[in-house]
Structure formats: structure tokens, C-alpha cells
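Peer 1: The amino acid sequence is not available; the structure is as follows:
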Ligand SMILES: C[S@@+](CC[C@H](N)C(=O)[O-])C[C@H]1O[C@@H](n2cnc3c(N)ncnc32)[C@H](O)[C@@H]1O
């Protein structure tokens, strides 16, 4: 495996103001990259199991660098959605949201290329809690991972879709905020994943640039006039970055949006050639993070908007009592998906109907469970949801027991000294891992078999 940065890429980057070829090449020869996590502020606890040296990511107040890379699979809090392992540069989106005051009011947001969910979970945390997040992934196998990661993160105001970007043109002017974290040639990941180096070529950059334009042109009708587009890649190539920024201004009715940043962070600010769009480049020799690019835009062209049907009066379905399962059930409406009951925050019923008509939905809101013999059989998703009722009995497990639970193993009756019966939450350091059913002579482990960990303690 070669660790030599392709000369055509270095030559091209060498022409950019502020680019230091020697430092860039030197950092790619160093062993190991940077490990960072973003904690979930809505879930306890701040992960004590990770020796976080409390070295924060400068542009994201929930991001932290770790001194080394632990085996995350063996940390129960990782499975509980208490944090997400995310490359630090990508967390810049938290800063962008705050600088553009996007968290001030509820938005309809679309994360178009979303799997595995790093930026969607970030949007869940940073957008106004009454927002609706539509998180989309084209590739079927990847949308499963995306949906699982969002279940772990625990927010109920999210709809996961599995569509080609062109499907969103059926929803003209529907969204206030669109994030396009586009598939790219991946040069920003050379240090983290040297295998990407062998796949890189100039023709691949060209292909990616064409695909990025296609993805944007196909989906941008969904952004309303005045709406914000965040465009990002993990490529260093100007063809996939600044040139796309100029193309957006020239052909898609977008104007650039400036974002103030702290110079001490080491983020390189460039301008696109023709429209002087402010662009942000993250270089691993300038800061603790991998290669990343972001630019922000506002739609200024007139955009016909989707004719939304008048919302019907929305109310919870009184025939199913969720009082003991869901906190503030009056804030949600219920809807069936097959045999399952899901909840979505009130006020989003018409959005759900529209999205169900126009798109293929992989998940919507929080799956609460299904009725059997007049009682609710709770879904795993509810166990990880922020909407779960805090009064549900909990059985605290130590680390070894928690890992046994996550392997879907058998737990001894001794974990239940209080003799609880029925459905209980298996918890670790205050965080919910999933359901157990306490029977007089045994404990049934309801951890989903497709989620179970296959690793030994190591
Ligand atoms: C850079 S990754 C997204 C990473 C994600 N935003 C995150 O933060 O975790 C780009 C995604 O685009 C998807 N993709 C690939 N080809 C695509 C296409 N033609 N249209 C839309 N998305 C595509 C890939 O499957 C991949 O999940």
C-alpha cells in the first residue's frame, strides 16, 4: 500500500493560497490519525468509561478528542447512543448552525447523503427540538445503518428515507435547510484510510464532480427560496469544492453565505474563483482533524413551493394508552407501520402523510411497540428513545453484565435483587441499553439479535 500522496493532487493544491506542501506530505507519513467523539447531551452520562482528557474540539462544544482509540464495540455506552465516533473536522457543522442562527426556530431539514449518520445525529442535537429532520440515504444497505444510528441517538422528530436525490424534486420548496455531504473522491481520508489512496485518480475526481452537480441539481428544487444549503465533501480537489460553489451560484440560483470563524482554529479560508464564495478547508497539518470542505449558500431564485394540504386537527389516538411508556404522550401522535405503533411529535402529521406519499420511508419517528393480547410489547427503539418514560423500572448492570446483555446472553436472576417483574430497562451507568422481561424463574433478554455484539471482552 502506497502512502505517497498522488503528485497531480499535490501539484494542484500547491497552487492554493496558504497550502504548505511539505507539512501536508509529512502529516500523511505519520502513524495513526486523530480519534474524536461527539457526546449526546440528551443522554446520560458524560462517558466516564472513555478516558476523555477533556480536550474539546474547538468548533463543537460536544466534541472531544481521545488520547487513543479504544475498542468502541466493548463500551456499552457506545451502543446506548451516549456518543458518536465522528471525525472532528465534520463537527464544524455545529458551529455553522449556531453562526447562522439555524437553531432559533423549528425547521424542516434534509440531510440528503446521510449514512452512516454522523451529520444527522449532529443536526438532531443542534437544530431546534421542534424541527423535522428528513435523513436520506440512496444505498439500501447503508440506510439500515443510518436508521440504527438514529435510533441510538434517540430523537423522535426524524424520518429516515431511502431515495435517489431526484425524488426530492417532488417536494418543491419543502425544506428550510439542506445538507449535501456529497460522495467524493475521498482524499481528505487518505490519512485515516490509506486504502482510499490507491483508488484515487484525476478521472475519479472528474466523475465525482459531475455526480455532485447531478445530485445538487436533482435535489435543490426541494429547498425553499431563502433556504440554506450546506455543501460539504471530504475531498481536497478544487473541482469538487470551490468549482461546485461557483457552479451553484451560476446555475442553481444560490448566493454565498459568510460564516465567521476563529483564526486560531487553523481552518483555511478560501474563495471560489468567479463568485468569491467563502469556503472552508480543513487540512490535517493545520488542525486536529481530517480533510474536509464546507461552503454555505442561500437560495435567492424564486422557488415555487409545494402545495401543502391544510393540517387536520391532530390528536393522540386515545385507544392505546402510552402514559406508562412515553413521557408526555400528549405531545405525540400515533400511527401504525405494519403491526407496529410509531410516534411523531404533534404538528408533523401532514409532513408524515406527504413524505409517505412522495418517498420511500425506512423509519419515521420512534417505533414504540406492538399490541399483543391487549398489552404493549415495547420496541427496542423505545428503550433508546428520549421519549421513553423515566418511570419504567430499571435494572443496573455492571460492565461485564452489560456486555453479556449486548451479546444477547443469559443474565442471572441475581441482577434483579429487588424482584422486579415484567418489562424493565437494562441500564449501564444510567444509560438504557434495551429491554429485559423479568419472569419468576428467568430473565428474557430482548436485545435485537441483529444488533448483538460478537466480540469477546478482549
Ligand atoms: C460522505 S458520505 C455521507 C456521510 C454522512 N453524511 C455522515 O456524516 O455520516 C456520502 C453518502 O452519499 C451516498 N451516495 C453515493 N452515491 C450517491 C448518489 N449518487 N446520490 C446520493 N447519495 C449518494 C453514499 O452511499 C454515502 O452514504
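Peer 2: On my side now, so go ahead. Note that the coordinates shown come from a computational prediction; the quantities given were computed from them, not determined experimentally. Numbering: from 1, shown residues only.

Peer 1: so where is the chain shaky, pLDDT-wise?
Peer 2: Within the chain, the ranges that satisfy pLDDT under 70 run 1-3, 45-53, 309-319, 457-458.

Peer 1: who in it is up against the ligand?
Peer 2: For the chain, the residues in contact with the ligand (Cβ under 6 Å from any ligand atom) are 90, 113-119, 137-139, 142, 165, 181, 183, 211, 215. The way it works is simple: take the backbone N, C-alpha and C, and place the C-beta from them, glycine included.

Peer 1: how close does residue 388 get to residue 129?
Peer 2: Between residue 388 and residue 129 the computed distance is 16 Å (Cβ to Cβ, to the nearest Å).

Peer 1: The two - which one has more neighbours?
Peer 2: Taking other Cβ atoms under 10 Å, residue 388 and residue 129 do not tie; residue 388 has more neighbours (20 against 14).

Peer 1: which residues of the stretch 201-350 of the chain fall in strands?
Peer 2: Taking DSSP state E, counting those that start in this stretch as the criterion, the stretch 201-350 of the chain carries its strands at 223-233, 254-257, 268-271, 278-282, 292-299, 332-337, 340-345.

Peer 1: mind checking which of those strands is nearest residue 151?
Peer 2: Nearest to residue 151, of all the strands of the stretch 201-350 of the chain, is strand 340-345, at 11.7 Å by Cβ to Cβ.

Peer 1: what's the closest one in contact with?
Peer 2: 130, 156-157, 159, 320, 322, 326, 329, 331-336, 352, 364-371, 376, 379, 387 (Cβ atoms under 8 Å, 6 or more residues apart in numbering).

Peer 1: Please apply the same query to stretch 400-413.
Peer 2: Residues from elsewhere that reach stretch 400-413 (Cβ under 8 Å, 6+ apart): 74, 76, 79, 397, 415, 426, 428, 433-434, 436, 441-443, 445, 447, 449, 451-454, 457.

Peer 1: Now, of those, which are buried?
Peer 2: Buried by 16 or more other Cβ atoms under 10 Å: 74, 76, 79, 397, 415, 426, 428, 433-434, 436, 443, 445, 447, 453, out of these.

Peer 1: In strands, which of those fall?
Peer 2: 426, 428, 433-434, 436, 443, 445 (DSSP state E).

Peer 1: Same list (the residues you listed) but as JSON lines, adding distance to residue 196.
Peer 2: Below are these laid out as JSON lines (distance: Cβ to Cβ, whole Å):
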{"residue": "426", "distance to residue 196": "38"}
{"residue": "428", "distance to residue 196": "35"}
{"residue": "433", "distance to residue 196": "34"}
{"residue": "434", "distance to residue 196": "35"}
{"residue": "436", "distance to residue 196": "42"}
{"residue": "443", "distance to residue 196": "45"}
{"residue": "445", "distance to residue 196": "39"}
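
Peer 1: Out of those residues, give me the two with the largest separation.
Peer 2: That would be 428 and 443, which, of those, are the farthest apart (Cβ to Cβ) at 15.5 Å.

Peer 1: Please identify which helix or strand holds the closest residue to residue 61 other than its chain neighbours.
Peer 2: Nearest residue to residue 61, sequence neighbours excluded (Cβ to Cβ, 6 or more residues apart in numbering): residue 94, at 7.1 Å. Using DSSP states H and E, residue 94 maps to helix 92-99.

Peer 1: So which other helices or strands are in contact with that helix?
Peer 2: Here helix 92-99 touches helix 118-126, strand 223-233, strand 292-299, going by 3 or more Cβ pairs under 8 Å, 6 or more residues apart in numbering; DSSP states H and E.

Peer 1: could I get those as CSV with mean neighbour count?
Peer 2: Shown next, in CSV, are the helices and strands packed on helix 92-99 (neighbours: other Cβ atoms under 10 Å):
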stretch, mean neighbour count
helix 118-126, 24
strand 223-233, 22
strand 292-299, 24
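
Peer 1: want to throw these into JSON lines with distance to residue 174?
Peer 2: Shown next, in JSON lines, are these (distance: least, Cβ to Cβ, whole Å):
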{"stretch": "helix 118-126", "distance to residue 174": "16"}
{"stretch": "strand 223-233", "distance to residue 174": "7"}
{"stretch": "strand 292-299", "distance to residue 174": "12"}
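
Peer 1: And those: which comes nearest residue 269?
Peer 2: Smallest distance to residue 269 across the helices and strands packed on helix 92-99 (Cβ to Cβ): 10.4 Å, for strand 292-299.

Peer 1: How about residue 161: which residues does it bridge to?
Peer 2: residue 136, residue 361 (DSSP bridges).

Peer 1: swap in residue 423?
Peer 2: For residue 423, the beta-bridge partners are residue 437 (DSSP bridges).

Peer 1: got the angle between the biggest helix by length in the chain and strand 223-233?
Peer 2: Counting by DSSP state H, the longest helix found in the chain is helix 202-219. Interaxial angle of helix 202-219 relative to strand 223-233 (axes from the mean of the first three to the mean of the last three Cα atoms, to 10 degrees): 160 degrees.

Peer 1: Could you give the number of residues near the nearest residue to residue 113 once chain neighbours are set aside?
Peer 2: Excluding the flanking residues, the one nearest residue 113 by Cβ to Cβ, 6+ apart is residue 181, at 5.2 Å. For residue 181, the neighbour count with other Cβ under 10 Å is 22.

Peer 1: for residue 181, phi and psi?
Peer 2: phi -100, psi 90 (degrees, to the nearest 10).

Peer 1: Is it correct that it is in contact with residue 232?
Peer 2: Yes - counting by Cβ atoms under 8 Å, residue 181 does reach residue 232; the two are 4.8 Å apart.

Peer 1: shared neighbours, the two?
Peer 2: 90, 119.

Peer 1: Pull the most distant pair out of the buried ones among the contacts of stretch 400-413.
Peer 2: Using Cβ to Cβ, those span at most 22.0 Å, a distance reached by 74 and 443.

Peer 1: Quick one: residues contacting residue 96.
Peer 2: 102, 230, 259, 294, 296.

Peer 1: Over to residue 115?
Peer 2: 137, 139, 142-143, 145-146.

Peer 1: Let me know the closest of those to residue 242.
Peer 2: residue 137 (26.4 Å).

Peer 1: Phi and psi next, for that closest one.
Peer 2: Taking degrees, to the nearest 10 as the convention, residue 137 sits at phi -140, psi 130.

Peer 1: I'd assumed residue 119 was in contact with it.
Peer 2: No - using Cβ under 8 Å, residue 137 is not in contact with residue 119; the gap is 11.6 Å.

Peer 1: Confirm residue 142 sits in a helix?
Peer 2: Yes - inclusion of residue 142 in a helix is indicated when DSSP: H, G, I helix; E, B strand; the rest coil is applied.
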